[in-house]
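Chemist: Give the three-dimensional model of this entry:
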Amino acid sequence: MTKLSVNINKIAVLRNSRGGNLPDVVLAAQNAERFGAQGITVHPRPDERHIRYKDVYDLKRVVTTEFNIEGNPIGKFIDLVLDVAPDQVTLVPDSPEAITSNAGWDARANEKFLMEVIARFKAKGIRTSIFLDPDPAMVPYAAKCGADRIELYTEGYAARYEADPAAALAPYLETAIAAQHNGLGVNAGHDLNLDNLKYFSDHVPGLLEVSIGHALISDAIYLGLDNTIQLYLRCLKK
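Modeler: Numbers count the residues shown, from 1 in each chain. Purely as a prediction, here's the structure:
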């Protein structure tokens with residue numbers, strides 16, 4: 001079964017909009033695990049506009065499933081990850097101005113940089129994944145960089161799913177197969193939801209993990225966090 005990692009950034013957005021500690025991101029993570037999530041994902045940004053660096057340390061002390069930290073590997077982020085030593089780090093080439101992640105790595109152009117950064121994480125025993133667009137040509141370079149996994153950036157799939165699911169999936173299927181041929185695990189994330197997740201999960205070979213935040217937390221407002229996580233887990237059952 002593909003693992004579900006719940007991204008709790010949106011919980012932090014709500015907290016930060018008012019100040020104080022309501023809702024509590026640590027409690028949210030603990031509840032997500034209690035309700036069946038197999039991982040917790042956070043994406044701290046330099047301006048700490050949602051998850052704060054302190055949150056990462058607080059979460060490290062309580063998360064009992066897989067802890068995944070994603071972000072752009074600037075110096076401050078690298079230091080944080082090396083200090084916290086999560087189960088997985090996911091490298092995302094997002095600019096500080098980006099509202100959300102909007103592109104994968106050009107692993108060929110950034111091969112030397114990624115190789116150096118990934119070597120530092122792997123020396124600390126941290127599994128490393130890099131965010132990729134659905135482009136099989138990038139996969140061999142991801143492998144050369146030393147990554148353990150790729151995370152498929154699924155915004156394009158989500159945008160095209162309703163019109164033609166098979167066509168929307170095609171480049172992701174090809175990229176996932178290329179990843180398997182290059183010895184890389186496959187994760188996925190961005191705009192996956194209760195409408196499009198099952199089709200993606202059923203048809204992408206070797207899909208190890210999905211990281212879902214915005215849609216899942218939005219659904220939880222209407223359906224409750226426990227029920228929502230169960231619905232997402234049901235989509236991932238083979």
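
Chemist: Now do the same for residue 99: its pLDDT.
Modeler: Residue 99 carries a pLDDT value of 54.

Chemist: ok, then the element right after the longest helix along the chain?
Modeler: In the chain, with assignment by DSSP state H, the single longest helix is helix 165-181. As assigned by DSSP states H and E, the chain's next helix or strand after helix 165-181 is strand 185-189.

Chemist: Show residues contacting that following strand.
Modeler: 7, 41, 90, 129, 148-154, 172, 176, 179-180, 200, 204-212 (Cβ atoms under 8 Å, 6 or more residues apart in numbering). No exception for glycine: its C-beta is placed from N, CA and C like everyone else's.

Chemist: pLDDT of the helix or strand encompassing residue 201, averaged?
Modeler: According to DSSP H and E, residue 201 maps onto helix 197-203. What helix 197-203 shows for mean pLDDT is 98.

Chemist: and whichever helix or strand comes after that helix, average pLDDT?
Modeler: Sequence-wise, the next helix or strand downstream of helix 197-203 (DSSP H and E) is strand 207-212. Average pLDDT, strand 207-212: 98.

Chemist: With stretch 171-190 instead?
Modeler: Mean pLDDT, computed over stretch 171-190, is 98.

Chemist: which residues in this protein form helices?
Modeler: 9-18, 25-34, 53-60, 75-84, 111-123, 139-144, 155-161, 165-181, 197-203, 214-223, 225-236.

Chemist: Nearest residue to the middle of this structure?
Modeler: By Cα atoms, centre = their mean, the mean C-alpha position of the chain lies nearest to residue 211, the distance being 4.1 Å.

Chemist: so that one touches residue 88, yeah?
Modeler: No: counting by Cβ atoms under 8 Å, residue 211 does not reach residue 88; the two are 9.7 Å apart.

Chemist: if I pick residue 55, what's in contact with it?
Modeler: With Cβ under 8 Å, 6+ apart, residue 55 has these contacts: 12, 25, 26, 42, 44.

Chemist: Quick check: phi and psi at the last one.
Modeler: For residue 44, the backbone dihedrals are phi -70, psi 130 (criterion: degrees, to the nearest 10).

Chemist: And for it, nearest residue in space, chain neighbours not counted?
Modeler: Setting aside the residues directly before and after it, residue 44 is nearest to residue 51 in space (Cβ to Cβ, 6 or more residues apart in numbering), at 4.6 Å.

Chemist: give me the number of residues near the one you found?
Modeler: For residue 51, the neighbour count with other Cβ atoms under 10 Å is 27.

Chemist: Then the one 10 residues further on?
Modeler: Neighbour count of residue 61, defined by other Cβ under 10 Å: 8.

Chemist: likewise residue 224?
Modeler: The local packing of residue 224 (other Cβ under 10 Å) involves 12 other residues.

Chemist: now do the one 10 residues further on
Modeler: Using other Cβ under 10 Å, residue 234 has 11 other residues around it.
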